[in-house]
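When you get a sec, could you give me coordinates for this:
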Amino acid sequence: MNEQEILKLEDERFSAMIARDFARLQLLVHDELMYTHSSGVVDGKASWLDSMKSGRVKYKKAGCSERKVRLFGDTALITGRALIDAEIGGQAKTLKLLFLNAWTRTPQGWKFVAWQSTPLAG
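Got it, this is the predicted structure:
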């Protein structure tokens with residue numbers, strides 16, 4: 001796996017979130033997912049997927065910049081900035097974030113295992 005292949009998986013994940021393609025997300029996301037939102041709320045795989053399935057969270061658009069991939073054996077860390085338009089609890093939000101996420105190699109392929117983001121001013 002190289003940097004471009006990891007970024008392609010990242011793009012697939014964001015596309016699946018926006019398209020509400022839960023079958024695709026189910027395949028991309030590790031069972032041990034730890035998703036730490038910029039608000040400090042932490043979700044596991046089931047609660048993160050449920051927040052989207054229930055309609056409580058709807059991702060509308062996501063763009064990433066300054067992405068950098070670091071590969072460490074069976075783990076890939078990605079850092080960057082994200083600009084995400086979402087509807088959360090019925091309210092439109094624009095999230096400007098600095099993020100760190102991780103993918104890990106499993107017998108079933110690479111899986112998204114962690115996300116942590118911090119809000120950016122402005």
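
CA atoms only: put the strand or helix carrying Trp115 into CSV for me.
Assessed by DSSP states H and E, Trp115 sits inside strand 109-119. Provided in CSV are the C-alpha atoms of strand 109-119 (Å, rounded to 0.1, in the frame of the first residue of the first chain):
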residue,chain,number,x,y,z
GLY,A,109,-7.8,-5.2,3.7
TRP,A,110,-7.2,-1.7,5.0
LYS,A,111,-9.7,-0.4,7.5
PHE,A,112,-10.4,3.1,8.9
VAL,A,113,-9.7,2.7,12.7
ALA,A,114,-9.4,6.2,14.2
TRP,A,115,-10.3,9.9,13.7
GLN,A,116,-9.5,12.8,15.9
SER,A,117,-10.2,16.5,15.0
THR,A,118,-9.7,19.9,16.4
PRO,A,119,-11.7,23.0,15.4
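
Parallel or antiparallel, list what pairs with that strand.
When pairs are called by DSSP bridges, strand 109-119 turns out to pair with strand 29-36 (parallel), strand 91-106 (antiparallel).

and that strand, how far out from the chain's middle?
Chain-centre distance of strand 109-119: 5 Å, with C-alpha atoms, centre = their mean, to the nearest Å.
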